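Asker: Got a predicted model here, sequence first, then my questions.
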Amino acid sequence: MKKMIDVDFGSSRYDELVELRYKVLLEPLGLKFLDSFRDKEAAYLHIGCIESLDGKLVGGLILAPVNDKEIRMMQVAVEPVYQGEGIGRQLVAYAEKRAKEAGYSKIVMHAMLSVVHFYEKLGYKQEGDLFAEQGLTFAKMVKKL
């Protein structure tokens, strides 16, 4: 059984989330987590998914305010051994609920091409042209809440 939780910035659970994001998203691309980004993350909403039996963090994401109506979903990561179990879908649904509760009416994101179809199935629409960042191609995706 999995449980979605809010993760406090600067907590030991936050450190676990940073490590998970690094391991799943950055390390395979040869990128480093820059500690200079930590200060910005203090204003973000951090969401985790824990295994309710042992409390192990198995997934997470970040919601970063863009303005008072839009919030950006970033760095959605699920432990590789747990991928395919619906954790990504649960994380996104929880993030949408939390964003709505916080008064946001739209979620935006930059999705790698390999996951565009996943987000389309969850109601996200591509907006604008594809673009490149750090040698990867992304699509801007949007969902009204």
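Answerer: Looks like it came in fine.

Asker: going forward, measure contacts between C-alpha atoms and count neighbours the same way
Answerer: Noted.

Asker: quick one: what helix or strand has Leu91 in it?
Answerer: Counting by DSSP states H and E, the element that carries Leu91 is helix 87-101.

Asker: Send me stretch 55-65 as PDB with only the CA atoms.
Answerer: Output of stretch 55-65 as PDB, limited to C-alpha atoms (Å, rounded to 0.1, in the frame of the first residue of the first chain):
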ATOM      1  CA  GLY A  55       7.900   4.200   5.300                       C
ATOM      2  CA  LYS A  56      10.400   4.000   2.400                       C
ATOM      3  CA  LEU A  57      10.100   6.900  -0.100                       C
ATOM      4  CA  VAL A  58       9.400   5.400  -3.500                       C
ATOM      5  CA  GLY A  59       8.400   8.500  -5.600                       C
ATOM      6  CA  GLY A  60       8.000  12.200  -5.500                       C
ATOM      7  CA  LEU A  61       7.700  15.500  -7.400                       C
ATOM      8  CA  ILE A  62       7.900  19.200  -6.900                       C
ATOM      9  CA  LEU A  63       5.200  21.900  -7.500                       C
ATOM     10  CA  ALA A  64       6.800  25.400  -8.100                       C
ATOM     11  CA  PRO A  65       4.600  28.500  -8.200                       C
END
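
Asker: ok now it, how far from the chain's centre?
Answerer: Distance of stretch 55-65 from the chain centroid (C-alpha atoms, centre = their mean, to the nearest Å) equals 6 Å.

Asker: What lies in contact with that stretch?
Answerer: Stretch 55-65 has contacts (C-alpha atoms under 8 Å, 6 or more residues apart in numbering) with 13, 16-17, 20-21, 41, 43-51, 71-79, 82, 87-88, 91, 95, 99.

Asker: All set, thanks.
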